[in-house]
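Novice: show me the folded form of this:
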Amino acid sequence: MDVALAHPVLKAFMCGSLSGTCSTLLFQPLDLVKTRLQTQQNSKQPGGGKVGMLRVFITVVQKEKLFGLWKGVSPSFMRCIPGVGIYFSTFFSLKQYFFEQRAPGACDSVMLGAAARCVAGITMLPFTVIKTRFESGRYNYSSVCGALRSVCETEGPRALYSGLTATLFRDAPFSGIYVMIYSQSKRGCRASWDRQVWLLC
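Specialist: Numbers count the residues shown, from 1 in each chain. Prediction:
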């Protein structure tokens, strides 16, 4: 087991999964409120009053209790825990394969981040669709597996990949840009630090 855990790709997957767990627990209430706001804006009548984030938050707590803010956390876990792990392990694998001899440049970092996000996004999109439906409060699914089965039976398997193109056009550039900014900032800070150490010596 120690040998398996020592594998860099597996370590990247496990660390990514842990970060996905923590971020899901912390930010699920905000994700739910965002989904409710979006669905209410799409369904409200013209001329209706504007519903704010705080109002949605209070309404959820009043009608569904405090733990109602974590409604949809199960599909969120099933999406984020493996999804973030897949992202980091794919990113690490691509980086090791293509840039073993040198550090990736700015454009290389964009491509690495975008490619890793595409792999993770395509793999986990069915759970993203189910998560959004759970959070909307419009579907009475009893479980994640039941929701997956219901969608496949009533709408067909392709419904689980609805919004794929829009998701990739949003997430791939976003991921590529933040990986590039992170890597370039890290390199710049390291160079600045090394220069300061050299001057002090």
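Novice: D108 contacts F99, correct?
Specialist: Yes. Between D108 and F99 there is a contact under C-beta atoms under 8 Å: 6.6 Å. All C-beta atoms are positioned from the backbone trio N, CA, C, and that covers glycine.
Novice: need the strands for this structure, in chain order.
Specialist: Remark: strands of the chain are absent; assignment by DSSP state E.
Novice: most centrally placed residue in it?
Specialist: The centre of the chain sits closest to C80, judged by C-alpha atoms, centre = their mean, with a distance of 5.8 Å.
Novice: which pLDDT value belongs to that residue?
Specialist: Per-residue pLDDT puts C80 at 90.
Novice: now do the contacts for it.
Specialist: Counting by C-beta atoms under 8 Å, 6 or more residues apart in numbering, C80 makes contact with G20, T21, S23, T24.
Novice: neighbour count winner among D108 and F99?
Specialist: D108 (18 against 14; other C-beta atoms under 10 Å).
Novice: stretch 52-70: how far from the chain's middle?
Specialist: Here stretch 52-70 shows a centroid-to-chain-centroid distance of 23 Å under the convention C-alpha atoms, centre = their mean, to the nearest Å.
Novice: could I get the average pLDDT for it?
Specialist: pLDDT averaged over stretch 52-70 gives 89.
Novice: who touches it?
Specialist: Contacts of stretch 52-70 (C-beta under 8 Å, 6+ apart): Q28, P29, L32, V33, R36, L37, Q40, K71.
Novice: circling back to that earlier point, against G16, how distant is the residue nearest to the centre of the chain?
Specialist: C80 is 9 Å from G16, where distance means C-beta to C-beta, to the nearest Å.
Novice: ranges for the helices of this structure?
Specialist: Secondary structure of the chain, counting by DSSP state H: helices at 2-5, 8-43, 53-64, 73-98, 106-136, 144-154, 164-200.
Novice: and those helices, which one's lowest on average pLDDT?
Specialist: Across these, helix 2-5 has the smallest mean pLDDT, namely a mean of 50.
Novice: number of nearby residues for W70?
Specialist: The number of residues packed around W70, counting by other C-beta under 10 Å, is 17.
Novice: equivalent analysis for the one 4 residues further on, please.
Specialist: The local packing of S74 (other C-beta under 10 Å) involves 17 other residues.
Novice: hang on, T167 packs against P126?
Specialist: No. Between T167 and P126 there is no contact under C-beta under 8 Å: 11.6 Å.
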